[in-house]
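> dropping the sequence and predicted coords here.
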Amino acid sequence: MSMDYFWEITGPMLEGAKTTVLLFFLAIVTSIPLGFAITLVVRSRFKPLAWLANAFIYVMRGTPLLLQMLFFCFGLPVLPVIGEYLVLDRFVAAALAFTLNYAAYFAEIFRGGLLAIDKGQYEAAQVLGLGRFHTMTRIILPQMFRIALPAVSNEAITLVKDTALLYAVAVPELLHFAKTAVNRDFTIMPFVIAGVIYLVMTLILTLFFKILERKFKFD
């Protein structure tokens, strides 16, 4: 393979990788706070609201992300009466599906982190005279974050790979350009290059989370 051909096929794939990275950042930035909010709702004393949050988590974790993407892309517009108002750009629809799906997973991760904290921590905070807000922000949440960080790291890396599902709804991203080059040139090299790009992205994420883990003394 000549260098000219390498750059000829790599250029478009790098352009597609921009869409991949954009979807990743949109999903991670929105799904983490949403997931934490859902965790708080699940723990709410208002049972109907907690039930709805649990139902949301069950549905989003129990159905394929691809199905959810197809629903937001092609299902919403055909809903009776309101469908015409729910026509979304395919990238926007996919980003919405990713956000809701990963929020459900992060909600469970954060719930597990909260459950892992000994109840004595809450009692100690009460003895010190800390209110509920300060107890959560100064004692509980920092510990929850340390506990949940490895699982959050795994989900973030999975999210990078799941962005390839954009291919299924015809959003031009990294895999789209790789498949186009394979079909045109009858060579597997575009797939190899795409794989290397994905590996580089996951390596960067892995190193980032390793730094966070060292900062919070996971070693």
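Sure thing, it's come through. Computed from a predicted model, the values in this text were never measured in an experiment. Numbering: from 1, shown residues only.
> how about low-confidence regions in the protein?
Applying pLDDT under 70 to the chain flags the ranges 1, 217-219.
> all helices for it, in order.
Secondary structure of the chain (DSSP state H): helices located at 3-42, 47-62, 65-70, 90-115, 119-127, 132-134, 141-162, 174-185, 189-215.
> show residues contacting the second one.
Judged by CB atoms under 8 Å, 6 or more residues apart in numbering, the contacts made with helix 47-62 from elsewhere in the structure are 38, 41-44, 68, 100-101, 103-105, 107-108. The C-beta positions use only the backbone N, C-alpha and C, and glycine is treated the same way.
> distance between it and the chain's centre?
Mean C-alpha position of helix 47-62 versus that of the full chain (CA atoms, centre = their mean, to the nearest Å) differs by 18 Å.
> for Leu128, grab phi and psi.
Phi and psi for Leu128, reported as degrees, to the nearest 10, are phi -80, psi 0.
> apologies, that question was intended for Leu79.
Dihedral angles of Leu79 (phi, psi; degrees, to the nearest 10) stand at phi -70, psi 140.
> neighbours around it, how many?
Per other CB atoms under 10 Å, the neighbour tally for Leu79 reads 11.
> switch the contacts of helix 47-62 over to JSON lines; also include neighbour count and distance to Glu173.
Listed next are the contacts of helix 47-62 as JSON lines, based on neighbours: other CB atoms under 10 Å; distance: CB to CB, whole Å:
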{"residue": "Ile38", "neighbour count": "25", "distance to Glu173": "28"}
{"residue": "Val41", "neighbour count": "18", "distance to Glu173": "33"}
{"residue": "Val42", "neighbour count": "20", "distance to Glu173": "33"}
{"residue": "Arg43", "neighbour count": "13", "distance to Glu173": "37"}
{"residue": "Ser44", "neighbour count": "13", "distance to Glu173": "38"}
{"residue": "Gln68", "neighbour count": "21", "distance to Glu173": "17"}
{"residue": "Leu100", "neighbour count": "21", "distance to Glu173": "19"}
{"residue": "Asn101", "neighbour count": "23", "distance to Glu173": "17"}
{"residue": "Ala103", "neighbour count": "23", "distance to Glu173": "21"}
{"residue": "Ala104", "neighbour count": "22", "distance to Glu173": "23"}
{"residue": "Tyr105", "neighbour count": "20", "distance to Glu173": "21"}
{"residue": "Ala107", "neighbour count": "27", "distance to Glu173": "27"}
{"residue": "Glu108", "neighbour count": "18", "distance to Glu173": "27"}
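> name the nearest of those relative to Thr137.
Distance to Thr137, by CB to CB, is smallest for Arg43 among the contacts of helix 47-62, at 15.6 Å.
> contact partners for that closest one?
Here Arg43 is in contact with Ala50, Arg111, Leu114 (CB under 8 Å, 6+ apart).
> any idea how far Ala107 is from it?
Per CB to CB, to the nearest Å, Arg43 is found 10 Å from Ala107.
> what's the answer for Asn183, then?
40 Å.
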